[in-house]
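Chemist: Predicted model and sequence follow; I will ask about them next.
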Amino acid sequence: MTRLFPPDTINSRDMALLQAVQDGLPLVPEPYAELGDRLGMSEGEVLARFWLLQIRGVIKRFGVVVRHHELGYRANAMVVWDIPDAQVAAMGKRLGAAPFVTLCYQRPRRLPHWPYNLFTMIHGQDRDQVLQRVDELVAEHGLGNIALDVLFSRRRFKQRGARYGKTPVRRFDRSKGVGTA
Amino acid sequence: MSNVSMMLSDLDRRLLDEYQHDFPLEPQPFAALADELGVSEGKVLERLAYLKRFGALSRVGAVVRPNRIGASTLAALAVPPEDLEQVAEQVNAFSEVNHNYEREHHYNLWFVVTAEDRDQIDQVLAKIARVTGLQPLDLPMVEDYFIDLGFALKW
């Protein structure tokens, strides 16, 4: 995809900002100003950087991130497909556009252990609904002859936003009015 | 619908459903939401804090496109079922691991490793192999075909 700004030009201030927001905006009236206080940036700089990071496609989405399981979507499966290499891009775009597919990545096969190259995540209120949606995808996109596997999730041992750096994020102590390491 | 969802007010549902992207980039974004929703800023902040505590809200923040900053991979281990909890704990102990799920498959433990660069990922995977005695599948993203518009919640 062509973008006005290359997405890989992230400087250290962008990185610091992304690290500071990885647990979300502080739930206070002026969250951008507070993030700026923690990082030694003005509120204007914080806003401008968030805006540019979105324009450049580094931030894919900025807003409310829900947890499906807690909202009643009790079943989710990673559905993996062995798509011929020549068709994987076209099929990836088609499956990624289905309304109940929430992730769609191409990944490498690792033969002989792992033959699948396209990964989709499908959420549903129960297992039957997830399986029904897999059937819909197979029928709609002519995937009847494609090997697939459905990996339902059982226990969640960990779920949180990604940590990109080794350095812990500086915490801002309102009472002292200064950042503390 | 599940009991969990029935505990949510209309305001909660609108907060979760309508602000998944294009969150206001202005000095007082929660006041902007409050204006649209016809409630006070304090009420918006109170409900978001409640939803976060209760678990329905992960965060109000950024979803970063994979591999645009740092490096990441999806990894899997085929763990003998009786060892699964112990191995899951060993994997969780790495700060570079940010998702870790049991899945129904021969490869039954799936986790995401995120680090500053690919070298560090290799080091983490090697350490995990050493600690667990199991060889992880390493499945880094080749291409992302999903356009993230958030998750449409059907109540």
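Modeler: Great, that's in hand. None of the values given here were measured: they were computed from a predicted structure.
Chemist: May I ask which helix or strand encompasses residue 48?
Modeler: Just going to use chain A. helix A:43-55 (DSSP states H and E).
Chemist: Oops, wrong one, chain B.
Modeler: Counting by DSSP H and E, residue B:48 is found in helix B:41-54.
Chemist: So is the helix holding residue A:48 next to chain B?
Modeler: Yes - Helix A:43-55 lies within reach of chain B by C-beta under 8 Å from any C-beta of the partner chain, at A:43, A:47, A:50-51, A:53. Backbone N, C-alpha and C define where each C-beta goes, glycine included.
Chemist: ok, of those residues, which come out buried?
Modeler: A:43, A:47, A:50, A:53 (16 or more other C-beta atoms under 10 Å in any protein chain shown).
Chemist: Can you name the residues that contact the second one?
Modeler: Read it as residue A:47. Contacts here follow C-beta atoms under 8 Å, 6 or more residues apart in numbering or on different chains; on that basis residue A:47 touches A:32, B:25-27.
Chemist: one more time with 7 Å, if that's ok
Modeler: A:32, B:25 (C-beta atoms under 7 Å, 6 or more residues apart in numbering or on different chains).
Chemist: what does residue B:104 give?
Modeler: Residue B:104 is in contact with A:151-152, A:154, counting by C-beta under 7 Å, 6+ apart.
Chemist: quick one, phi psi at it?
Modeler: Reported as degrees, to the nearest 10, the phi and psi values for residue B:104 are phi -80, psi 100.
Chemist: likewise residue B:143?
Modeler: Per degrees, to the nearest 10, the backbone of residue B:143 is at phi -150, psi 150.
Chemist: That one and chain A, how far apart?
Modeler: 4 Å (C-beta to the nearest C-beta, to the nearest Å).
Chemist: Tell me if the helix or strand where residue A:152 lies is near chain B.
Modeler: In this structure, residue A:152 sits in strand A:148-159 according to DSSP H and E. Yes - with C-beta under 7 Å from any C-beta of the partner chain as the criterion, chain B is reached by strand A:148-159 at A:149, A:151-159.
Chemist: Quick check on the residues you listed: which are buried?
Modeler: Judged by 16+ other C-beta under 10 Å, buried ones among the residues of strand A:148-159 next to chain B: A:149, A:151-153, A:157-158.
Chemist: mind checking which helix or strand the residue positioned nearest the centre of chain B is in?
Modeler: By C-alpha atoms, centre = their mean, the mean C-alpha position of chain B lies nearest to residue B:99, the distance being 6.8 Å. Per DSSP H and E: residue B:99 is located in strand B:97-103.
Chemist: Give the pairing partners of whichever helix or strand comes after that strand; include direction for each.
Modeler: Reading on from strand B:97-103 to the C-terminus, the next helix or strand found by DSSP H and E is strand B:109-115. With DSSP bridges as the criterion, the sheet partners recorded for strand B:109-115 are strand B:71-77 (antiparallel), strand B:97-103 (antiparallel).
Chemist: so who does residue 43 touch?
Modeler: Picked chain A for this. Per C-beta under 7 Å, 6+ apart, neighbours of residue A:43: A:32-33, A:36, B:27.
Chemist: wait, chain B
Modeler: So residue B:43 contacts residue B:34 (C-beta under 7 Å, 6+ apart).
Chemist: List the buried residues of stretch A:28-41.
Modeler: For stretch A:28-41, by 16+ other C-beta under 10 Å, it's A:29-39, A:41.
Chemist: Do you have the strands of chain B handy? List them.
Modeler: Secondary structure of chain B (DSSP state E): strands located at B:57-64, B:71-77, B:97-103, B:109-115, B:137-139, B:143-144.
Chemist: and these as a markdown table, adding mean pLDDT?
Modeler: Below are these laid out as a markdown table (pLDDT from 0 to 100):
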| stretch | mean pLDDT |
| --- | --- |
| strand B:57-64 | 92 |
| strand B:71-77 | 95 |
| strand B:97-103 | 93 |
| strand B:109-115 | 95 |
| strand B:137-139 | 98 |
| strand B:143-144 | 92 |
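Chemist: Across the sheet, point out what pairs with the closest residue to chain A within chain B.
Modeler: Using C-beta to the nearest C-beta, residue B:59 is the residue of chain B that sits closest to chain A, at 2.7 Å. Applying DSSP bridges to residue B:59 gives these bridge partners: residue A:65.
Chemist: same check, this time on residue B:114
Modeler: Taking DSSP bridges as the rule, residue B:114 bridges to residue B:72.
Chemist: now the chain, which segments are flagged as low pLDDT?
Modeler: Since no chain was named, I'll use chain A. A:1-9, A:161-181 (pLDDT under 70).
Chemist: ah, no, chain B please
Modeler: Using pLDDT under 70, chain B drops low at B:1-6, B:67, B:148-155.
Chemist: domains in it, as residue ranges please.
Modeler: Using automatic domain parsing, the domain ranges for chain B come out as B:3-54, B:71-139.
Chemist: Now find how far off-centre the first one is within its chain.
Modeler: Read that as domain B:3-54. The chain centroid and the centroid of domain B:3-54 are separated by 19 Å, computed with C-alpha atoms, centre = their mean, to the nearest Å.
Chemist: Go ahead and confirm residue A:123 touches residue A:101.
Modeler: No - assessed by C-beta atoms under 7 Å, residue A:123 is found out of contact with residue A:101, at 8.9 Å.
Chemist: burial measure for residue 72, as a count.
Modeler: Using chain A. Residue neighbour count, defined by other C-beta atoms under 10 Å in any protein chain shown, stands at 19 for residue A:72.
Chemist: not quite, I wanted chain B
Modeler: Residue B:72: 21 surrounding residues under other C-beta under 10 Å.
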